[in-house]
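Colleague: Any chance you can model this:
(one chain, ligands or ions: 2)
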Amino acid sequence: MNPNMTDRRRFLRRAFGAAATLLVGGCDRLNETSWFPKVLGTGEVLSRQVHKALLPRKSMAQEFTEADLSPHFRSNGTANPDNEVYQALAAKNFSEWSLQVDGLVERPRRFSLAQLRALPGRTQITRHDCVEGWSAIGKWSGVPLAEILAAVRPAATAKYVVFHCADPMESDGSSPYYESIDMDDAYHPQTILAYDLNDSPLPVANGAPLRLRVERQLGYKQAKYLMRMELADSLENIYGGKGGYWEDSNGYQWYAGI
Ligand SMILES: Nc1nc2c(c(=O)[nH]1)N[C@H]1C(S)=C(S)[C@@H](COP(=O)(O)O)O[C@H]1N2
Ligand SMILES: [Mo]
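Modeller: Ligands and ions are numbered 1, 2, ... in the order given. Predicted structure coming up:
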């Protein structure tokens with residue numbers, strides 16, 4: 001352990017008392033395991049754990065102004081889904097696309113793009129942070145996820161919202177990209193299903209026709225190419241069981257708080 005680390009622990013213990021002591025102990029064990037992603041340094045892991053436990057989940061992500069917008073919002077991961085159904089929908093400018101919402105809800109239904117645009121909307125200028133080490137500031141408009149949930153009425157047993165995407169990630173088609181969040185994040189005011197980027201319809205490279213923005217988490221949680229949203233009480237039986245494509249395949253953390 002380096003001296004910095006010791007100072008930091010002392011500070012955290014002083015600042016947060018017993019809760020931090022417990023967490024600091026937990027972080028040691030976390031860092032020793034080989035499956036833990038090597039993306040973050042020990043200090044970052046530590047602060048992330050403390051942040052997660054002690055700061056309210058309701059806090060807002062920072063919002064920026066038009067002057068802060070990145071000149072170009074780059075694309076990462078899939079840039080154009082290799083999926084016949086998706087390509088046919090894109091060819092018709094997504095006029096026949098709809099978002100299927102099902103699982104643990106009272107009123108399963110589909111929403112066309114026109115229906116989503118007719119719901120109350122929200123616009124936010126936020127910074128996207130990718131684990132690969134780049135950031136970009138973009139202006140997102142979309143429908144708060146809370147609006148959709150109000151329409152479909154989640155069952156009391158629903159704990160997660162699972163986002164199923166159009167892009168296949170394995171050549172045998174066994175797993176598409178997918179992600180999931182809990183109900184705290186689902187009802188957060190900055191959690192939106194975005195249909196516009198920088199005042200224009202979402203480009204295919206950035207997830208057309210609809211993508212998730214869950215602003216207090218890292219880039220890989222921001223699922224693009226949404227096809228289906230499923231309410232579930234457990235993530236165990238969904239694909240690899242860890243709640244997301246990168247969580248299943250590379251050990252990325254499920255809660256990717258910034
Ligand atoms: N469906 C889908 N969603 C995805 C990805 C992907 O490959 N497929 N990549 C993720 C990652 S790692 C990042 S950083 C962002 C990139 O979003 P952008 O292409 O708009 O920059 O999308 C996330 N959501
Ligand atoms: Mo990313």
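Colleague: average pLDDT across the strand or helix carrying residue 151?
Modeller: Counting by DSSP states H and E, the element that carries residue 151 is helix 145-152. For helix 145-152, mean pLDDT rounds to 98.
Colleague: ditto for stretch 226-237
Modeller: 98.
Colleague: residues in contact with it?
Modeller: If you take Cβ atoms under 8 Å, 6 or more residues apart in numbering as the criterion, stretch 226-237 is touched by 86, 99-105, 148, 152, 154-155, 157-166, 180, 193, 207, 210-212, 238, 241-243, 254. Placement of C-beta: from N, CA and C, glycine included.
Colleague: can you rerun that using 7 Å?
Modeller: 99-105, 154, 157-166, 180, 193, 210-212, 238, 241-243 (Cβ atoms under 7 Å, 6 or more residues apart in numbering).
Colleague: Using PDB, write out the CA atom coordinates for it.
Modeller: Written as PDB, here are the backbone C-alpha positions of stretch 226-237 (Å, rounded to 0.1, in the frame of the first residue of the first chain):
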ATOM      1  CA  LEU A 226     -33.400   0.300 -27.700                       C
ATOM      2  CA  MET A 227     -35.900  -2.300 -28.800                       C
ATOM      3  CA  ARG A 228     -37.400  -3.600 -25.600                       C
ATOM      4  CA  MET A 229     -37.600  -2.600 -21.900                       C
ATOM      5  CA  GLU A 230     -38.400  -5.300 -19.400                       C
ATOM      6  CA  LEU A 231     -39.200  -4.800 -15.700                       C
ATOM      7  CA  ALA A 232     -37.800  -7.600 -13.600                       C
ATOM      8  CA  ASP A 233     -37.400  -8.700 -10.000                       C
ATOM      9  CA  SER A 234     -34.000 -10.300 -10.600                       C
ATOM     10  CA  LEU A 235     -31.200 -10.100 -13.200                       C
ATOM     11  CA  GLU A 236     -30.100 -13.700 -12.600                       C
ATOM     12  CA  ASN A 237     -31.900 -15.300 -15.500                       C
END
